[in-house]
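Asks: Quick one: sequence and predicted model below, then my questions.
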Amino acid sequence: MNRVLPSARNVRACSQAIKVPQEALSSSYQRATPTSAPATRYPYFVRRNSRGSLPIYTDIRNGGTRYLVQIRNVEGRVNDLAVELKQSLFKTGSPEATRLTVKINDQRHITLTGGHFKRDVMAWFTEKGF
């Protein structure tokens, strides 16, 4: 089966037959596009993977008693990201903040231990604009 896509002339003819003004079409397109806040530059960058997800993974070891959260493929200053995660992921003095341990592996990966923190880390990165 050969499908014929409508040409620009047919789209205009259809919109005129329905009596939709062209200005309304363009203004609705402008409202539908998201407005982005000015991007903040960080000394580190975490690139999304080929599926569009953040490269944040969990690893359960020791029969389920040790829960690791891994952040992979960090570009730039990995130490700055580790320090910022340690300071701002949880409120200072909270039980989660006292259990959280941040370790740098292979100069591009960060491992968090001390609890089930994957959702918190994902929310932190999306809040930062990654």
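Replies: Perfect, I can see it now.
Asks: check which helix or strand covers the spatially closest residue to residue 88 that is not a sequence neighbour.
Replies: In this structure, residue 88 finds its nearest non-sequential neighbour in residue 124, 7.6 Å apart by C-beta to C-beta, 6 or more residues apart in numbering. Quick note: C-beta positions are derived from backbone N, CA and C, even for glycine. Taking DSSP states H and E as the definition, one finds residue 124 inside helix 118-128.
Asks: do the same with residue 81
Replies: helix 78-88.
Asks: Name the residues of that helix that are buried.
Replies: Counting neighbours by 16 or more other C-beta atoms under 10 Å, one finds that the buried residues in helix 78-88 are 78, 81, 82, 84, 85.
Asks: Closest to residue 106 out of those residues?
Replies: Taking C-beta to C-beta as the measure, residue 78 is the one of the buried residues of helix 78-88 closest to residue 106, at 9.4 Å.
Asks: The closest one contacts residue 110, doesn't it?
Replies: Yes. Counting by C-beta atoms under 8 Å, a contact exists between residue 78 and residue 110, whose distance comes to 6.6 Å.
Asks: any shared contact partners between these two?
Replies: Taking C-beta atoms under 8 Å, 6 or more residues apart in numbering as the contact definition, residue 78 and residue 110 share the neighbouring residues residue 104.
Asks: picking up where we left off before, who are the packing partners of the helix holding residue 124?
Replies: Secondary-structure packing of helix 118-128 (3 or more C-beta pairs under 8 Å, 6 or more residues apart in numbering; DSSP states H and E): strand 56-61, strand 66-71, helix 78-88.
Asks: Quick one, which of these gets closest to residue 39.
Replies: With distances scored as C-beta to C-beta, the stretch of the helices and strands packed on helix 118-128 nearest to residue 39 is helix 78-88 (16.7 Å).
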